[in-house]
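[1] The following comprises the amino acid sequence and a computationally predicted model.
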Amino acid sequence: MMNDNLKSMSADELWSLHELVVAELTCKMVAERAMLENRLRELGSAAEGRVMRRERRPYPKVLPKYRNPKDRGETWAGRGKQPRWLKAQLRNGKKLADFLIRRST
């Protein structure tokens, strides 16, 4: 039934209806946001008394596994992104095993 009403309206009438709908939605969204921000403020003030901070678990120190042969100070533990020097060497045809640090027992 409402679809028939919309089809019978002119373009100007539809545009004015659109503007009314947008204005009403904007008002309701602003009111909803203000209410939610107020609730967050209330929750924040209630939670300020009991600050819960979780300690990070201790991670073991990771020794480097790979070393740059051109600059012995540049090492990589094998975690995270590969360093630029290693990517360049791998592109030139070298193998990852060529850069392994040999551990003495």
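    Received, thanks.
[2] what stretches of the protein score poorly on pLDDT?
    The chain contains residues with pLDDT under 70 at 1, 45-52, 105.
[3] what's the neighbour count on L86?
    With neighbours defined by other CB atoms under 10 Å, the count for L86 comes to 19. Every residue, glycine included, has its C-beta placed from N, CA and C.
[4] any chance you could map the helices in the chain?
    2-8, 11-47, 84-91 (DSSP state H).
[5] Mind putting those helices into TSV with distance to K61?
    Converted to TSV, the helices of the chain look like this (distance: least, CB to CB, whole Å):
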stretch	distance to K61
helix 2-8	69
helix 11-47	35
helix 84-91	21
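[6] Minimum distance to E74: which of those helices has it?
    Nearest of the helices of the chain to E74, taken as CB to CB: helix 84-91 at 5.7 Å.
[7] which residues touch that closest one?
    Y66, N68, K70, D71, E74, W76, Q82, L96, D98, F99 (CB atoms under 8 Å, 6 or more residues apart in numbering).
[8] Mind listing what's buried along it?
    Neighbour-count burial for helix 84-91, with 16 or more other CB atoms under 10 Å as criterion, is recorded at W85, L86, Q89.
[9] P58: which of the helices of the chain is closest?
    Using CB to CB as the measure, helix 11-47 is the one of the helices of the chain that comes nearest P58, at 27.0 Å.
[10] quick one on the thing from earlier: please check the contacts of helix 84-91 and keep the buried ones.
    Y66, N68, W76, F99.
[11] I figured the second one hits D98, correct?
    Translated: N68. No: the pair N68 / D98 is not scored as a contact, 11.0 Å apart, by CB atoms under 8 Å.
[12] ok, back up a step: from the contacts of helix 84-91, which is closest to E32?
    For the contacts of helix 84-91, the closest approach to E32 (CB to CB) belongs to Q82, at 47.3 Å.
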